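K.L.:
Got a sequence here, can you model it:
(one chain, ligands or ions: 2)
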Amino acid sequence: MRSSLLRSVKTLARPTTARAYSVDSVPSRKVTVLGAAGGIGQPLSLLMKLNPLVSQLALYDIGGTPGVAADVSHINSRSEVAGYMGDDQLGLALEGSDVVIIPAGVPRKPGMTRDDLFNINAGIVKSLCSAIAKYCPHAIVNMISNPVNSTVPIAAEVFKKAGIYDEKKLFGVTTLDVVRAKSFYAGKANVNVAEVNVPVVGGHAGVTILPLFSQATPKANLSQDDIQALTKRTQDGGTEVVEAKAGKGSATLSMAYAGAIFADACLKGLNGVPDVVECSYVQSTITELPFFASKVRLGKNGVEEVLGLGPLSDYEKEGLEKLKPELKSSIEKGIEFAKKN
Ligand SMILES: NC(=O)C1=CN([C@@H]2O[C@H](COP(=O)(O)OP(=O)(O)OC[C@H]3O[C@@H](n4cnc5c(N)ncnc54)[C@H](O)[C@@H]3O)[C@@H](O)[C@H]2O)C=CC1
Ligand SMILES: O=C([O-])CC(=O)C(=O)O
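P.N.:
Ligands and ions are numbered 1, 2, ... in the order given. Modelled structure (predicted):
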């Protein structure tokens, strides 16, 4: 209901001194966060509020958004913030959105796999994607909700059914795998983490996460044992956090950071910044699987180019073959769910 829209959080930042950047040259962009009151949603909303490419920030959740939006809106940065709560405000949160980020859904507890979240999160993602199809069919979608290997195919099916599917605009966010691979590699190779690049391909669960340390830069002379340990740590990075949090959820802060990096890349692409490349789980033809994470060049329409895998070590080639059956069945599970429901 419009009357209950959270009026108190509609605040345009008005700097009293000279602006640190020129907003005149930056296009207006609306970003919507679905699940904004959650463990990821809150810090991600904060980071998106700090992003000068955002002019409107819509924070939606089934509860808790009045407080989050009021809080975030007091930050004196460019964007106007509005909070939306409950089904009847979802359309308003989405209308006119350029980028929709989805961290809505339940997180893992120790002993669970990401696939154990399927039963709850598949339905949440499906209903949110139906609303996206209705209210902002041309928006770029950044899917964070797990299991990403299945939630992205679910979103694609929902969009196909609604007749608005554009494969260039649907992204599974795998940036946290890259963030982890960079941190772990820098530690082991003793190089400046700010200079490290490591592509991570495949999917976003266990063995489907395939970091390509043979392509890591700056180059380092790591042993095969080191590479295997780094690969395993990257694949188990989510579980490492789930266990350390001991029942209080999964990665939220590092995920918010990763989600903000990826959304920023999408916004830069939309704004025509050249050579924006990030790894992401997208519709793909670089393997026989219909969805696959790899480096993607981002542009004004979303995906400009899905880049190939590049040269792989024997260990990585083996990892690639090993991940295919699990990724294939997660994709099929998502498609089947969306078709049946
Ligand atoms: N892609 C990735 O790399 C990562 C993905 N995740 C996933 O992100 C998701 C969220 O994790 P957390 O923020 O830690 O969970 P959380 O439980 O702290 O927050 C989830 C939020 O979603 C909201 N929500 C539930 N149903 C909703 C609906 N229908 N519409 C809008 N909001 C709804 C809840 O009210 C809650 O505020 C989980 O599925 C988790 O597995 C977590 C870390 C990394
Ligand atoms: O592990 C989890 O459940 C959350 C996640 O996707 C990650 O941290 O990579």
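K.L.:
What segments of the chain are helices?
P.N.:
41-49, 65-73, 90-94, 118-135, 148-161, 175-189, 224-235, 237-245, 253-270, 314-340 (DSSP state H).
K.L.:
want to throw those into a markdown table with mean pLDDT, mean neighbour count and distance to residue 213?
P.N.:
C-beta here means a position set from N, CA and C on the backbone, and glycine is covered the same way. Compiled in a markdown table, the helices of the chain are given as follows (pLDDT from 0 to 100; neighbours: other C-beta atoms under 10 Å; distance: least, C-beta to C-beta, whole Å):
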| stretch | mean pLDDT | mean neighbour count | distance to residue 213 |
| --- | --- | --- | --- |
| helix 41-49 | 99 | 24 | 28 |
| helix 65-73 | 98 | 22 | 37 |
| helix 90-94 | 98 | 21 | 39 |
| helix 118-135 | 98 | 19 | 30 |
| helix 148-161 | 98 | 25 | 22 |
| helix 175-189 | 98 | 22 | 6 |
| helix 224-235 | 98 | 17 | 5 |
| helix 237-245 | 98 | 18 | 14 |
| helix 253-270 | 98 | 22 | 19 |
| helix 314-340 | 98 | 17 | 8 |
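K.L.:
residues contacting the residue of the stretch 201-341 of the chain found nearest ligand 2?
P.N.:
Scanning the stretch 201-341 of the chain for proximity to ligand 2 using C-beta to the nearest ligand atom identifies residue 238 as nearest, at 2.1 Å. Counting by C-beta atoms under 8 Å, 6 or more residues apart in numbering, residue 238 touches 108, 114, 176, 250, 251.
K.L.:
For the residue of the stretch 1-150 of the chain found nearest ligand 1, the count of nearby residues, please.
P.N.:
Of all residues in the stretch 1-150 of the chain, residue 38 sits closest to ligand 1, at 2.1 Å by C-beta to the nearest ligand atom. Applying other C-beta atoms under 10 Å, we find 25 other residues in the vicinity of residue 38.
K.L.:
For it, give its distance to residue 255.
P.N.:
Look at residue 38 and residue 255: by C-beta to C-beta, to the nearest Å, they are 10 Å apart.
K.L.:
what touches both of these two?
P.N.:
Shared contacts of residue 38 and residue 255 (C-beta under 8 Å, 6+ apart): residue 103.
K.L.:
for the closest residue to residue 330 other than its chain neighbours, what are its contacts?
P.N.:
Distances taken as C-beta to C-beta, 6 or more residues apart in numbering put residue 149 closest to residue 330, at 3.7 Å, once the chain neighbours are dropped. Residues in contact with residue 149 (C-beta under 8 Å, 6+ apart) are 114, 172, 203-205, 208, 281, 291, 326-327, 330-331, 334.
K.L.:
Of the residues you listed, which is the nearest to residue 53?
P.N.:
Each of those was scored against residue 53 by C-beta to C-beta, and residue 172 proved nearest at 21.5 Å.
K.L.:
Please determine how far the closest one is located from residue 324.
P.N.:
Between residue 172 and residue 324 the computed distance is 17 Å (C-beta to C-beta).
K.L.:
what does residue 256 give?
P.N.:
31 Å.
K.L.:
ok, now residue 334?
P.N.:
In this view, residue 334 and residue 324 are 16 Å apart by C-beta to C-beta.
K.L.:
and if you look at residue 243?
P.N.:
According to C-beta to C-beta, residue 243 stands 27 Å off from residue 324.
K.L.:
Same check on residue 242?
P.N.:
25 Å.
K.L.:
swap in residue 179?
P.N.:
Separation of residue 179 from residue 324 (C-beta to C-beta): 24 Å.
K.L.:
now residue 116
P.N.:
When C-beta to C-beta is the yardstick, residue 116 and residue 324 sit 21 Å from each other.
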